[in-house]
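Undergrad: no sequence on this one, just coordinates:
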């Protein structure tokens, strides 16, 4: 069962294959490819002009459901459809590709205009699958062609029925290249929008999988003999506080610094005042994992010490930073502060989060506001729709236009390569509206230098660079990382082999599932 | 042989009949003119409404690109999507394209700044409501898939509500302050006060989770969907299966209407019951049943019919909460999803079609009211 959104991704996952995919631990594995290209097997060649070429070799035993072979022509067709400026789409790293050329029926080369560390999931992962050249109509365009609604399978299942808004039926693909797989003959995906109804159906034993359950459902299913919960072994979404270093409504931190948050001491004090463990226990039933750095998961895990929770030290730090409660009303004012705020300026800010996450996030927001209230910072709570929070500046998007003080939401990078994510979150170039997502307007030239250095295939250098960036983030606190919530899926006790993943849908290994 | 008196009476009757006949034909003419005027007003109203709705939908905070691209959308993708969705044009131009299409003007299709090809949109005036941003399918196709589901659910809900509400209303009025009336009044208040989402979940808990079929041990009623899935029930699509899926959403939706209609009918009847013409009807020896059904109900139903006509749009627009709780793929859910995802073409189509239904049903209500009550004049 799934809710009202995101179920169309199941079509790609169950019916189509990419060159590679990612397992729950972040390891890239082959699907249509015979091996992962790298420098050692000469699949990757670094050129003297700073560019690189990646040669992919494909399996020669994979067929479309109409018995035609899956070949390099299909990959080129897919790339041409995606990169069409009129009817195409945008996929990560596509700007780095100069050309994709066929070598023979089962191999092709991708020529990059730079060194692109994320090349392994360029034609795979959770975003890209290979489409059949002989079946899809290029004239209709990638984004609107009919073969998206009635796809030709090269994966484990065939989409045999799709009743809009109701259910999808997948039946075993008899031409699937792995013998005797999948073991489950038919998968019916029912669309049930209401969480409570899905949970009740799981408990009644009327459903086998409930995708993307929330913490309340996970707790309610604890101890059930009928329904189990699978948690992803590694996390992706880090709940975090974004602290705007430019004055609210502006985007230049140097010309118009934030009257409160532009002082690093204030940001550090705020971090010390937030009790992550209490939030975890009280709101997330212990299912969350305290996380204090961007680089907490493989392959880039950095040793950054966990910041202490110490509200008393936090108060002292604010006093020293020139923020004192001079009128004894419980809220601090500027009294010798160094941010450029006028004397007497109240330590009062707007605190925004988004509605779609649901009750746990709103409770978290309230609890954090209370914790900050305890150290003399008054937070005015606002809850908005995600589409308002994250919209473009020209449409009044709150973050892009810099129209906030502190925001709370969960973010993280897809797949296993943080390079582009780090660039668009922390680089100077990404500060301006439309340039990226450095919405806290953190401008650090040394970090920019490290980000540039991370565009390499040398894993040792990459790890060093990311950890150096992690140290800077820890020191200057542009963002406070709070905790991660694992991806959770419920499954019936009669199914074996289910493993939730942050890198893909829970069905990533459906060919290995068994019914007891 | 006719007497002088009878001759006089005949003349009077024929004059009266002639008057009545000319009155009726004049009334028909007035009605036709009235309907024509209202239809013209409707077109103007819909046009103005479309401008207001288009502006409101497009100017509201949040846009389709943020919903489409997730939390982070790269500038390159923004440009591409804006062009594909036609959002790269100024709002008035977007409105003109939406209304009248762009197949009569050259547009820039590849973002190079040069207008190179004629557009492909025909505009809603020629029946082209565009493509859904989310599914990239034609909007009318999306609506066409959902509308029959909503019509099925809501018409059965309304019919059920009427079948139950009318007898309750009549009996409550006739037996005013009886135990039945007190019970019905309490039920009516409760029916109007209970939130649909709470009632729906409660019914699922009772009839799906708690009560079981004594012979099969299966849940008594399904918790949602329009029919059983074939792996569970090979008899899928059978009438009984369909009906079993309708029971809970219909009950949930009908309760409020039952309460509302029965209460309204009771009040309407209580106003009429003491009137003198009923006393004279009873004095003429008519049975109480005949008095009630012939003389009371025909008058008491006038406001009810109007009320029903005003509620008719729900049959087309659906009910968001009921469709969500019971996983019913109808117009209500479609509308909600379109609003959340800022799927402008879909949202506009649902709003405009919904508005057209509402205006049409208002017109029907007015005409029916005037038809049923001769005292109402067309002006």
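TA: That came through fine. Quantities reported herein were computed from a predicted structural model and do not represent experimental measurements. Numbers count the residues shown, from 1 in each chain, chains lettered A, B, ... in the order given.

Undergrad: mind listing what residue B:244 touches?
TA: Residues near residue B:244 by CB atoms under 8 Å, 6 or more residues apart in numbering or on different chains: B:221, B:222. Heads up, the C-betas are built off the backbone N, CA and C, glycines and all.

Undergrad: who in the stretch 201-350 of chain A is up against chain B?
TA: Neighbours of chain B within the stretch 201-350 of chain A, by CB under 8 Å from any CB of the partner chain: A:201, A:203, A:204, A:206.

Undergrad: who wins for most neighbours among those residues?
TA: In terms of neighbours by other CB atoms under 10 Å in any protein chain shown, these top out with residue A:201 at 27 neighbours.

Undergrad: contacts only, for that one.
TA: Residues near residue A:201 by CB under 8 Å, 6+ apart: A:1, A:192, A:207, A:210, B:223.

Undergrad: now those in TSV, with secondary structure, neighbour count and pLDDT?
TA: Below are the contacts of residue A:201 laid out as TSV (DSSP: H, G, I helix; E, B strand; the rest coil; neighbours: other CB atoms under 10 Å in any protein chain shown; pLDDT from 0 to 100):
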residue	secondary structure	neighbour count	pLDDT
A:1	coil	25	84
A:192	coil	26	94
A:207	coil	23	94
A:210	strand	25	95
B:223	coil	28	94
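
Undergrad: mind putting those in a markdown table, distance to residue A:41 included?
TA: Below are these laid out as a markdown table (distance: CB to CB, whole Å):
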| residue | distance to residue A:41 |
| --- | --- |
| A:1 | 42 |
| A:192 | 46 |
| A:207 | 44 |
| A:210 | 41 |
| B:223 | 53 |
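
Undergrad: widest-spaced pair of the residues you listed?
TA: Farthest apart among the contacts of residue A:201 by CB to CB are A:210 and B:223. That separation is 13.0 Å.

Undergrad: surely residue A:207 meets residue A:491?
TA: No. Residue A:207 is beyond contact range of residue A:491, at 9.3 Å (criterion: CB atoms under 8 Å).

Undergrad: so which helix or strand takes in the residue lying closest to residue B:194 once chain neighbours are set aside?
TA: Using CB to CB, 6 or more residues apart in numbering or on different chains and skipping residues adjacent in sequence, the residue nearest residue B:194 is residue B:255, 6.9 Å away. Using DSSP states H and E, residue B:255 sits in helix B:239-272.

Undergrad: pLDDT on that helix, on average?
TA: Across helix B:239-272, pLDDT averages out at 92.

Undergrad: and that helix, which residues are buried?
TA: For helix B:239-272, the neighbour count (16 or more other CB atoms under 10 Å in any protein chain shown) marks B:241, B:244-266, B:268-269, B:272 as buried.

Undergrad: which SS class is residue A:317?
TA: helix (DSSP: H, G, I helix; E, B strand; the rest coil).

Undergrad: show me what the helix or strand encompassing residue A:159 is packed up against.
TA: Residue A:159 is part of strand A:157-163, with elements assigned from DSSP H and E. Helices and strands touching strand A:157-163, by 3 or more CB pairs under 8 Å, 6 or more residues apart in numbering or on different chains; DSSP states H and E, are helix A:9-15, strand A:167-172.

Undergrad: now residue B:218: how far from chain A?
TA: Relative to chain A, residue B:218 is positioned 9 Å away (CB to the nearest CB, to the nearest Å).

Undergrad: can you get me a residue count around the residue lying closest to that residue once chain neighbours are set aside?
TA: Excluding the flanking residues, the one nearest residue B:218 by CB to CB, 6+ apart is residue B:212, at 6.6 Å. Residue B:212 has 14 neighbours, counted by other CB under 10 Å.

Undergrad: what does residue B:211 give?
TA: 12.

Undergrad: hang on, it packs against residue B:220?
TA: Yes. Taking CB under 8 Å as the definition, residue B:211 is a contact partner of residue B:220 at 4.2 Å.

Undergrad: the residue in the stretch 51-200 of chain A positioned nearest to chain B in helix, strand or coil?
TA: Closest residue of the stretch 51-200 of chain A to chain B, CB to the nearest CB: residue A:165 (3.0 Å). Using three-state DSSP, the structure places residue A:165 in coil.

Undergrad: who are the neighbours in contact with the residue nearest to it when sequence neighbours are not counted?
TA: What sits nearest to residue A:165 in space, not counting adjacent residues and going by CB to CB, 6+ apart, is residue B:329, at 3.0 Å. By CB under 8 Å, 6+ apart, residue B:329 lies in contact with A:163, A:164, A:165, A:166, A:191, B:145, B:146, B:149, B:226, B:323.

Undergrad: 10 Å instead, please
TA: Applying CB atoms under 10 Å, 6 or more residues apart in numbering or on different chains to residue B:329 gives the contacts A:4, A:163-167, A:191, A:193, B:145-146, B:149-150, B:153, B:225-226, B:318, B:323.

Undergrad: any idea which element it lies in?
TA: Short version: residue B:329 belongs to no helix or strand, going by DSSP H and E.

Undergrad: give me the phi and psi for it.
TA: phi -80, psi 80 (degrees, to the nearest 10).

Undergrad: up against chain A, what does the stretch 151-300 of chain B have?
TA: Residues of the stretch 151-300 of chain B lying close to chain A (CB under 10 Å from any CB of the partner chain) are B:197, B:200-201, B:204-205, B:208-209, B:212, B:218-219, B:222-227, B:229-232.

Undergrad: A strand includes residue A:54, no?
TA: Yes. Counting by three-state DSSP, one finds residue A:54 located in a strand.

Undergrad: what's the neighbour count on it?
TA: Residue A:54 has 21 nearby residues by other CB under 10 Å.

Undergrad: now do the one 10 residues further on
TA: Counted with other CB under 10 Å, the burial measure for residue A:64 works out to 21 neighbours.

Undergrad: so it makes contact with residue A:32?
TA: No. Counting by CB atoms under 10 Å, residue A:64 sits too far from residue A:32 to count as a contact (11.8 Å).

Undergrad: and the pLDDT at the residue of the stretch 251-379 of chain B found nearest chain A?
TA: In the stretch 251-379 of chain B, the residue that lies nearest chain A is residue B:329 (3.0 Å; CB to the nearest CB). Reading off the confidence values, residue B:329 has pLDDT 94.

Undergrad: from residue B:135, how far off is it?
TA: To residue B:135, residue B:329 is 13 Å away according to CB to CB, to the nearest Å.

Undergrad: what's the weakest-modelled helix or strand in chain B?
TA: Least confident helix or strand, chain B: helix B:64-69 with a mean of 62, by mean pLDDT, DSSP states H and E.

Undergrad: now do the helix or strand just after it: which elements does it pack against?
TA: Moving toward the C-terminus from helix B:64-69, the next helix or strand (DSSP H and E) is helix B:75-85. Applying 3 or more CB pairs under 10 Å, 6 or more residues apart in numbering or on different chains; DSSP states H and E, we find helix B:75-85 packed against helix B:64-69.

Undergrad: identify the residues contacting stretch B:168-188?
TA: Contacts of stretch B:168-188 with the rest of the structure, by CB under 10 Å, 6+ apart, involve B:165, B:191, B:255-256, B:258-273, B:288, B:292-293, B:296-297, B:300, B:304.

Undergrad: picking that back up, packing partners for the helix or strand just after the helix holding residue B:255?
TA: As assigned by DSSP H and E, the chain's next helix or strand after helix B:239-272 is helix B:276-283. In this structure, helix B:276-283 packs against helix B:288-290, with contacts taken as 3+ CB pairs under 10 Å, 6+ apart.

Undergrad: which other residues reach the worst-scoring helix or strand of chain A on mean pLDDT?
TA: Lowest by mean pLDDT, DSSP H and E among the helices and strands of chain A is helix A:386-389, with a mean of 86. Contact with helix A:386-389 is made by A:352-357, A:382-383, A:395-400, A:404, A:407, A:409, A:439, B:60-68, B:70-71, B:339-342, as judged by CB under 10 Å, 6+ apart.

Undergrad: quick one: residues contacting the closest residue to chain A within the stretch 101-250 of chain B.
TA: Proximity of the stretch 101-250 of chain B to chain A (CB to the nearest CB) peaks at residue B:136, 4.0 Å away. For residue B:136, the contacting residues are A:140, A:141, A:142, A:143, A:144, A:145, A:148, A:149, B:84, by CB under 10 Å, 6+ apart.
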